[in-house]
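In: heads up, no residue letters with this:
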């Protein structure tokens, strides 16, 4: 499935007032796959996953790839104020998504693991790439 950024782009304002840009493809009634991007200059749902969104949708899934707050075309957020777990709950609730498979790259992997730990009833699968969870207690 060939997909353009413009065709896939969607915008939503969450109940908290946060504006999110996200990219979507596939049958809305199909199983959900949420792609969570990494951090760094230029990191977005599209820049991290544009080569995969159409392919995953073409395999029969409903794909959703948000620009998390602080990145891309979503609202800017100071690093100290970021809570991507809270943002992801609010985003999925706003879209009416009860359960999804999460695929996370780097920072997105951290978000996916934290989300799965705090909200196990909301996930079907977790796939991570380059997850850094910090050192934790020694």
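Out: Received, thanks. These figures come from a predicted structure and were not determined experimentally.
In: contacting residues around residue 111?
Out: Counting by CB atoms under 8 Å, 6 or more residues apart in numbering, residue 111 touches 36, 68, 84-85, 88, 102, 104. From N, CA and C alone the C-beta is placed, and that goes for glycine too.
In: again with residue 22
Out: By CB under 8 Å, 6+ apart, residue 22 lies in contact with 9-12, 45, 64-67, 91.
In: that older thread, may I see the contacts of residue 111 arranged in TSV, with neighbour count and pLDDT as well?
Out: Shown next, in TSV, are the contacts of residue 111 (neighbours: other CB atoms under 10 Å; pLDDT from 0 to 100):
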residue	neighbour count	pLDDT
36	26	98
68	27	97
84	23	92
85	18	92
88	25	97
102	25	98
104	27	96
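In: Just the closest of the residues you listed to residue 96, please.
Out: Comparing the contacts of residue 111 against residue 96 with CB to CB places residue 88 closest, at 14.2 Å.
In: my read is the closest one is in a helix, agree?
Out: Yes. Looking at residue 88 with DSSP: H, G, I helix; E, B strand; the rest coil, it is inside a helix.
In: Name the nearest residue to it, sequence neighbours excluded.
Out: residue 115 (5.5 Å; CB to CB, 6 or more residues apart in numbering).
In: Following element in sequence after the helix or strand where that neighbour lies, please.
Out: Using DSSP states H and E, residue 115 sits in helix 107-118. Per DSSP H and E, the first helix or strand lying C-terminal to helix 107-118 is strand 123-129.
In: Name the residues that touch that next one?
Out: 31, 99-106, 109, 112-113, 115-116.
In: Swap in 7 Å and give it another go.
Out: The contact list for strand 123-129 (CB atoms under 7 Å, 6 or more residues apart in numbering) reads 99-105, 109, 112-113, 115-116.
In: With stretch 4-14 instead?
Out: Counting by CB under 7 Å, 6+ apart, 19-25, 46, 50, 53, 90-91, 94 sit against stretch 4-14.
In: Out of those residues, which two are the most distant from each other?
Out: Longest distance between any two of those is 24.5 Å, between 50 and 90; criterion CB to CB.
In: Now do the phi/psi pair for the residue sitting nearest the centre point of the chain.
Out: Centroid-nearest residue in the chain: residue 36, 3.4 Å away (criterion: CA atoms, centre = their mean). The phi/psi pair for residue 36 (degrees, to the nearest 10) reads phi -110, psi 120.
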